[in-house]
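Engineer: just need the structure, nothing else, for what follows:
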Amino acid sequence: MTDSARQQPRDGKRLKPGFHPVYAVELLFREQPKLDPAQVLEGIHQRIRNTAINTGPFRETEEVENEALRRKETTGSDQFELSAVFYHNEYTVAFTDAEVPAQTRLFHPRPIREDLNWSGVLQQSWKWEGGAERLEEYQYTVTLCDWYAAMLPFERRMEMFHSVLASVIESTGCDAIYWQPSGQLIDARGFLAAHDNEPLYGALNVRVYQMQGQDEVLVDTLGLTALGVPDIQCRVSGLTPDRVIPMIYGASYYLYGNGGVVEDGQLLGGAGLRWRCEQQPGVLAPERIVVDLNPGHPYYTGSQTEDPVGFEKEEPFNEDWPEESDSGYRLREEDGSEFRSEREYRMKERRQATESTRSSSSERDSSQQE
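Structural biologist: Reported below is the predicted structural model:
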């Protein structure tokens with residue numbers, strides 16, 4: 001039988017850069033947790049009924065699995081010891097000679113390595129509260145990964161992984177996750193509250209970088225390529241990140257719901273908001289091919305040679321803009337808020353600006369009266 005982890009998105013004879021044949025996250029604990037696989041299975045059964053379990057005894061973990069997990073730069077030692085293997089019969093993968101259930105694997109706790117440099121992760125972990133002080137409280141990590149799941153459609157793969165992760169969190173009381181494929185720390189309770197409605201919660205991270213010595217901002221995503229969906233980037237000047245981030249989120253969910261396919265030259269957006277797509281090598285690590293978004297002149301500072309058709313300058317707010325985007329495309333804020341069109345998004349901006357002006361006026365009046 002050929003290993004499914006060796007047959008996913010390929011560029012010639014090798015896996016496409018950035019794709020993760022084994023998908024893994026680290027659950028962080030302040031004290032060494034006592035794992036109860038039977039209790040985890042009860043939680044899984046509420047989400048994936050047709051699941052079986054193997055709790056060992058296990059032989060020494062296969063070398064190929066250790067290597068696959070080690071490539072994830074895990075937070076603990078390289079001594080992976082299995083606690084349980086879950087076989088999800090509702091998520092099967094077909095090989096030439098058999099059909100097998102996709103698996104998730106839970107490992108025994110390991111001490112967190114003391115030499116880890118979390119600074120870069122903390123800078124791009126927008127959902128994390130407590131900063132470095134909170135992170136220093138955690139002493140142990142538990143790895144959860146999938147296996148024989150790389151050939152599943154990415155939506156199904158993420159659905160399965162989210163279901164098992166939620167069950168592990170509930171049974172262990174874990175309150176922090178290092179989601180290595182997307183390079184971010186997230187609050188486990190936030191994940192439990194959001195994952196049913198946010199299929200990319202945790203798996204998608206939007207990063208923001210001020211380009212050194214330049215009046216330029218680069219916004220990109222990290223985590224989509226790990227699933228087989230192109231990540232996205234946008235280089236702009238004169239647009240603040242809060243104008244770019246909703247478009248990045250919206251484009252990410254568009255790709256995720258559209259089979260991960262976008263054509264060079266395709267325009268994403270609706271009335272007054274047309275950003276041109278082109279596949280390019282990513283500007284920032286890790287190595288991968290991304291979808292570059294071009295909002296047009298005078299904002300775009302990337303390397304596309306064409307601007308979106310009909311977008312020569314920023315259009316002012318227009319009451320005649322349609323209520324619904326022609327393409328059905330949705331802008332999505334980081335908090336999950338959706339906008340049907342540029343008109344709706346601009347109306348929100350105008351309300352916020354009005355409220356800010358009123359607040360400033362009230363503060364000045366109060367100050368003068370004093």
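Engineer: pretty sure Leu41 sits against Phe86.
Structural biologist: Yes. With contact defined as Cβ atoms under 8 Å, Leu41 counts as touching Phe86 (6.9 Å). From N, CA and C alone the C-beta is placed, and that goes for glycine too.
Engineer: so between those two, which is more surrounded?
Structural biologist: The neighbour comparison of Leu41 against Phe86 (other Cβ atoms under 10 Å) goes to Phe86, with 27 against 19.
Engineer: and the nearest residue to the more buried one once chain neighbours are set aside, how far from Thr143?
Structural biologist: Excluding its sequence neighbours, the residue lying closest to Phe86 (Cβ to Cβ, 6 or more residues apart in numbering) is Thr104, at 4.8 Å. Separation of Thr104 from Thr143 (Cβ to Cβ, to the nearest Å): 11 Å.
Engineer: and those two? which has more neighbours close in?
Structural biologist: Thr104 (29 against 23).
Engineer: am I right that the more buried one is in a helix?
Structural biologist: No. Remark: Thr104 does not belong to a helix; assigned using DSSP: H, G, I helix; E, B strand; the rest coil, it is strand.
Engineer: ok so, going back, in this structure the residue nearest to Phe86 contacts Asp146, no?
Structural biologist: Yes. Look at Thr104 against Asp146 with Cβ under 8 Å: they come within range, at 5.3 Å.
Engineer: what is in contact with these two at once?
Structural biologist: 160-161 (Cβ atoms under 8 Å, 6 or more residues apart in numbering).
Engineer: the strands in the stretch 201-350 of the chain, which residues?
Structural biologist: 205-210, 217-222, 231-236, 267-270, 273-281, 289-294, 331-332, 338-339 (DSSP state E, counting those that start in this stretch).
Engineer: restricting to C-alpha, output the second one in CSV.
Structural biologist: This means strand 217-222. Provided in CSV are the C-alpha atoms of strand 217-222 (Å, rounded to 0.1, in the frame of the first residue of the first chain):
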residue,chain,number,x,y,z
VAL,A,217,2.7,47.4,4.1
LEU,A,218,2.6,43.7,3.3
VAL,A,219,-0.4,41.7,4.4
ASP,A,220,-0.3,38.0,3.8
THR,A,221,-1.9,34.8,5.0
LEU,A,222,-0.1,31.8,6.6
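Engineer: by contact count, what packs against that strand?
Structural biologist: strand 205-210, strand 231-236, helix 241-257 (3 or more Cβ pairs under 8 Å, 6 or more residues apart in numbering; DSSP states H and E).
Engineer: one more: the fifth one?
Structural biologist: Of the remaining helices and strands, those touching strand 273-281 by 3+ Cβ pairs under 8 Å, 6+ apart are helix 241-257, strand 267-270, strand 289-294.
Engineer: longest strand of the protein?
Structural biologist: strand 82-94 (DSSP state E).
Engineer: what's the pLDDT at Asn66?
Structural biologist: pLDDT for Asn66: 64.
Engineer: and the one 10 residues further on, by the same measure?
Structural biologist: Looking at Gly76, its pLDDT reads 83.
Engineer: distance of it from Val229?
Structural biologist: 28 Å.
Engineer: which one of these two has more residues nearby?
Structural biologist: Each of Gly76 and Val229 has its neighbours counted (other Cβ under 10 Å); Val229 has more, 27 against 20.
Engineer: wait, a helix at Glu155?
Structural biologist: Yes. Counting by three-state DSSP, Glu155 falls inside a helix.
Engineer: I'd say it and Pro199 touch.
Structural biologist: Yes. Counting by Cβ under 8 Å, Glu155 touches Pro199, with 6.9 Å between them.
Engineer: now do the shared contacts for those two.
Structural biologist: With contacts taken as Cβ under 8 Å, 6+ apart, the residues that reach both Glu155 and Pro199 are Tyr256.
Engineer: and the nearest residue in space to Arg156 that is not next to it in sequence, what pLDDT?
Structural biologist: Among residues not flanking Arg156 along the chain, Tyr91 sits closest, at 6.1 Å (Cβ to Cβ, 6+ apart). The model reports Tyr91 with a pLDDT of 98.
Engineer: residues in contact with Tyr91?
Structural biologist: Contacts for Tyr91 were tallied using Cβ under 8 Å, 6+ apart; they are 48, 101-102, 149, 152, 156-157, 160.
Engineer: go again with 7 Å.
Structural biologist: Residues near Tyr91 by Cβ atoms under 7 Å, 6 or more residues apart in numbering: 101-102, 152, 156, 160.
Engineer: kindly report the same for Leu200.
Structural biologist: 252-253, 256.
Engineer: relative to Tyr138, which of these is nearest.
Structural biologist: Nearest to Tyr138 out of those is Ser252 (Cβ to Cβ; 28.6 Å).
Engineer: in this structure that closest one contacts Gln233, no?
Structural biologist: No. Between Ser252 and Gln233 there is no contact under Cβ atoms under 7 Å: 11.3 Å.
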